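S.K.: Show me the folded form of this:
(one chain, ligands or ions: 1)
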Amino acid sequence: MKKTAGQIILPTMANGFSRRTLLAAGIGSLTALMTISHRVLAQPVFQNYPFSLGIASGEPSADGFVLWTRVAPDPFNGGGMPTDIVPVRWEIASDDGMQQVIRQGESPARPELAHSVHVEVAGLQPAREYWYRFYVGGEASPVGRVKTLPLASATVDRLRFGVAGCQSYYHGYYTAFEHLAKEQFDFVFHYGDYIYEASYAIENQVRALPSPGAEPYSLDDYRNRYAGYKADRDLQAAHASTAFIVSFDDHEVDNNWAAEIDQDDTPREVFLLRRASAFQAYYEHMPLRLSSIPHSNQMLMYRRFKVGALAEVNVLDTRQYRSNQPCGDGLKSNCAEALDPSRTMLGSEQEKWLFDGLSRSTATWNVHAQQVWMMRYDGSPDESEVRQNMDSWDGTAVARQRLFDYWQQHQISNPIVLTGDVHTHWAAELKANFADENSATVGCEFTATSISSFGDGSDQRPTTAQILSQNPYIKFFNNRRGYLSMEVTAELWQTHYRTVDYISRPGAALKTRATYVVEAGEKAMHLA
Ligand SMILES: [Fe+2]
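M.R.: Now for the predicted structure:
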């Protein structure tokens, strides 16, 4: 397409394009934009910066990764793009100054996917840093850093990765992401709650989301919600710093959804329509492979990452195939339904996939990167009763026992569980029988606090001492915001509990509140 010198300023249009949207050079009339679908706009000209939502990388392998961006010059109003395909150019370099470009290409930003781009790169060197950027219409994106994984058989001296999630925008600044970006991790596991759909999350609002705030139901609603979140500078810096291995929890769709139902008695068929919109927007905004694109209203989100001979990271999906929360959800005492052996957290197919992978694994550390608490947890302030979270693995206690039994019977090497969801830091030993203090420890669970959800917090709560005494396998608790920093060798697993003292305003310093370690071959953890 020939680029013309003049730009045509489009009027505000009924179809959602606003005055501030991208203008395509060479387009002679509004009619041309509206009637010719899927034409390729080779030389678009933008009135606003098109990389408003930043860049990202993800799904690292030993020879590549996914590069992501979305062309969105008017991000909070649908993106501001016409219904044309826009080619986006990308470059990969072996230096952070982008001088030594070793790979380049062009990928179509399509209107069906909100002009997002997912570039699957292969054929690169293992265990190497690369840098990348995108170009569209004469505009360049920021530069991102990404690292390939080691070869599956390689000896790995040290792995460093982050665990983060639960980033309610309303509750405060992403100072934790600002610090995380400086860690230059090998990758980050994001356990979910990337957005919050619910209006209750707006209570105690510290800052307003720049995109519309009503609860999302349609695809456009979810797109605008992601745009509001992804416009954040600190979140963009975190993405630019390393690959994210992402998974969703509940708030990417609806609070505590379970498989094909929500918690509001919405007809199943109707909820599935909403879930389809949420899934599509999630895919559009995450650095995922084509193998995870929604298909027949499902997304394949459980997958495995091999970090040389050192670790296998099993990313689990504890939402899409699970049983409905028993006894009406929430914190419940003596819920007999939770002990029903037919109940599942992973679904039979994913459970089989996990067990098969664990049995074949020769890695030193077998990581279960997931969303909801695996440990038993009694959260009752009243000593005479036990209250358990029906959304967690306490609600599928037999399925949990099946996993623990599998670890033990097959002598799975060093099971480690990574969790989010509860907006607080925890370290806990997982017990063959939680009711018996002398029972064997079968693995360790490290739970990451939120990036921002629930605000500034405090180091402890009034109930902390009692909670720790009635859950003796819990070794550590902290109620500040932050993330986990993992440092892993063949001999030692270290979990550093990073925190910030406040997020109600920017600028909090980073603290390491504690470090808990597991020695390879020892199931128990201890304070470093
Ligand atoms: Fe959350």
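S.K.: Tell me the residues of the stretch 51-200 of the chain that contact the ion?
M.R.: Proximity of the stretch 51-200 of the chain to the ion (C-beta under 5 Å from the ion) is limited to residues 166, 193. Where C-beta positions appear, they are placed from N, C-alpha and C, glycine not excepted.
S.K.: Hmm, residue 445 is touching residue 428, no?
M.R.: Yes: at 4.9 Å, residue 445 counts as touching residue 428 under the criterion of C-beta atoms under 8 Å.
S.K.: which residue sits closest to residue 129, ignoring its sequence neighbours?
M.R.: In space, and not counting its chain neighbours, residue 129 is closest to residue 147: 5.0 Å by C-beta to C-beta, 6 or more residues apart in numbering.
S.K.: Who are the packing partners of the longest strand anywhere in the chain?
M.R.: Counting by DSSP state E, the longest strand found in the chain is strand 474-488. Contact analysis of strand 474-488 by 3 or more C-beta pairs under 8 Å, 6 or more residues apart in numbering; DSSP states H and E lists strand 159-164, helix 175-183, strand 425-431, strand 457-458, helix 464-470, strand 492-500, strand 510-519, strand 526-527 as its packing neighbours.
S.K.: Stretch 428-438: which residues count as buried?
M.R.: Across stretch 428-438, burial judged by 16 or more other C-beta atoms under 10 Å covers 428-432, 434.
S.K.: now the strands: where do they sit in the stretch 251-400 of the chain?
M.R.: 303-307, 311-315, 331-333, 365-369, 387-389 (DSSP state E, counting those that start in this stretch).
S.K.: so where is the chain shaky, pLDDT-wise?
M.R.: Of all residues in the chain, those with pLDDT under 70 make up the ranges 1-37, 199-201.
S.K.: Show me the helices in it, by range?
M.R.: 30-35, 175-183, 219-230, 233-241, 268-285, 347-360, 397-409, 464-470 (DSSP state H).
S.K.: Columns mean neighbour count and distance to residue 295 on top of the ones you listed, output as TSV?
M.R.: Shown next, in TSV, are the helices of the chain (neighbours: other C-beta atoms under 10 Å; distance: least, C-beta to C-beta, whole Å):
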stretch	mean neighbour count	distance to residue 295
helix 30-35	14	30
helix 175-183	22	31
helix 219-230	22	16
helix 233-241	22	25
helix 268-285	20	10
helix 347-360	15	15
helix 397-409	17	26
helix 464-470	14	42
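S.K.: Distance to residue 523 for those - can I get that in JSON lines?
M.R.: JSON lines is the format used below for these (distance: least, C-beta to C-beta, whole Å):
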{"stretch": "helix 30-35", "distance to residue 523": "62"}
{"stretch": "helix 175-183", "distance to residue 523": "28"}
{"stretch": "helix 219-230", "distance to residue 523": "38"}
{"stretch": "helix 233-241", "distance to residue 523": "32"}
{"stretch": "helix 268-285", "distance to residue 523": "35"}
{"stretch": "helix 347-360", "distance to residue 523": "15"}
{"stretch": "helix 397-409", "distance to residue 523": "9"}
{"stretch": "helix 464-470", "distance to residue 523": "20"}
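S.K.: Looking at those, spot the one closest to residue 385.
M.R.: helix 464-470 (10.5 Å; C-beta to C-beta).
S.K.: Output that closest one in CSV, but only the C-alpha positions, please.
M.R.: Extracted C-alpha coordinates of helix 464-470, given in CSV (Å, rounded to 0.1, in the frame of the first residue of the first chain):
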residue,chain,number,x,y,z
THR,A,464,-1.3,-14.9,63.7
ALA,A,465,0.0,-16.7,66.8
GLN,A,466,-3.1,-18.7,67.2
ILE,A,467,-3.3,-19.6,63.5
LEU,A,468,0.4,-20.8,63.6
SER,A,469,-0.2,-22.9,66.8
GLN,A,470,-3.3,-24.7,65.4
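S.K.: Tell me the helices and strands packed up against that helix.
M.R.: For helix 464-470, the elements it packs on are strand 474-488, judged by 3+ C-beta pairs under 8 Å, 6+ apart.
S.K.: what distance separates the strand it packs on from the centre of its chain?
M.R.: Distance, stretch centre to chain centre, for strand 474-488: 17 Å (C-alpha atoms, centre = their mean, to the nearest Å).
S.K.: next one: stretch 399-411
M.R.: Worked out by C-alpha atoms, centre = their mean, stretch 399-411 lies 26 Å from the chain centre.
S.K.: again, but for stretch 318-330
M.R.: Taking the mean of its C-alpha atoms, stretch 318-330 sits 20 Å from the chain's own mean (C-alpha atoms, centre = their mean).
S.K.: do it and the ion meet at all?
M.R.: No: against the ion, stretch 318-330 shows no contacts by C-beta under 5 Å from the ion, the least distance being 12.6 Å.
S.K.: can you list contacts of that stretch?
M.R.: Counting by C-beta atoms under 8 Å, 6 or more residues apart in numbering, the neighbours of stretch 318-330 from elsewhere in the structure are 248-250, 253, 256-259, 261, 263, 298-299, 301, 332, 335, 337-338, 340, 342-347, 349-350, 370-372, 389-391, 395-396.
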